[in-house]
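Participant: Okay, structure incoming, though there's no sequence with it:
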């Protein structure tokens, strides 16, 4: 299986800066795991988009896009579940 490159949208990096340290570590671990498996069990495709998915990390959601032609995972958001889909 191919290894994907992970890129963070600047707004996703700002989302991380607002979170507590332990939550940030768990989110970064989940994102690093996406590089080897962009569709882990528990990942859900978002409605209305061809390439957007979300993965759950406790009460937080990481929304990402997979560009298979470029082997790229683009992290869009890392937010609490109540704010993740706004």
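Facilitator: Sure thing, it's come through. Since the structure is predicted, the reported quantities are computational estimates derived from the model, not experimental observations.

Participant: Run through the chain and note the low-pLDDT ranges.
Facilitator: Low-confidence segments of the chain, defined by pLDDT under 70: 1.

Participant: what about 90?
Facilitator: 1-2, 21, 49, 83-86 (pLDDT under 90).

Participant: could you pull out the strands for it?
Facilitator: 5-8, 44-45, 52-57, 60-67, 72-80 (DSSP state E).

Participant: I'd like to know which elements the longest helix anywhere in the chain is packed against.
Facilitator: In the chain, assigned by DSSP state H, the helix with the most residues is helix 21-34. Where contact means 3 or more C-beta pairs under 8 Å, 6 or more residues apart in numbering; DSSP states H and E, helix 21-34 is packed against strand 5-8, helix 10-17, strand 52-57, strand 60-67, strand 72-80. All C-beta atoms are positioned from the backbone trio N, CA, C, and that covers glycine.

Participant: Can you add mean neighbour count and distance to residue 33 and give those back as a markdown table?
Facilitator: Listed next are the helices and strands packed on helix 21-34 as a markdown table, based on neighbours: other C-beta atoms under 10 Å; distance: least, C-beta to C-beta, whole Å:
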| stretch | mean neighbour count | distance to residue 33 |
| --- | --- | --- |
| strand 5-8 | 15 | 10 |
| helix 10-17 | 14 | 16 |
| strand 52-57 | 18 | 9 |
| strand 60-67 | 20 | 11 |
| strand 72-80 | 19 | 11 |
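
Participant: Next one: residue 73 from residue 13, what distance?
Facilitator: 15 Å (C-beta to C-beta, to the nearest Å).

Participant: got the contact list for the nearest residue to residue 34 once chain neighbours are set aside?
Facilitator: Distances taken as C-beta to C-beta, 6 or more residues apart in numbering place residue 73 nearest to residue 34, at 5.3 Å, with adjacent residues excluded. Residue 73 makes contacts with 4-7, 31, 34-35, 38, 64-67, as judged by C-beta atoms under 8 Å, 6 or more residues apart in numbering.
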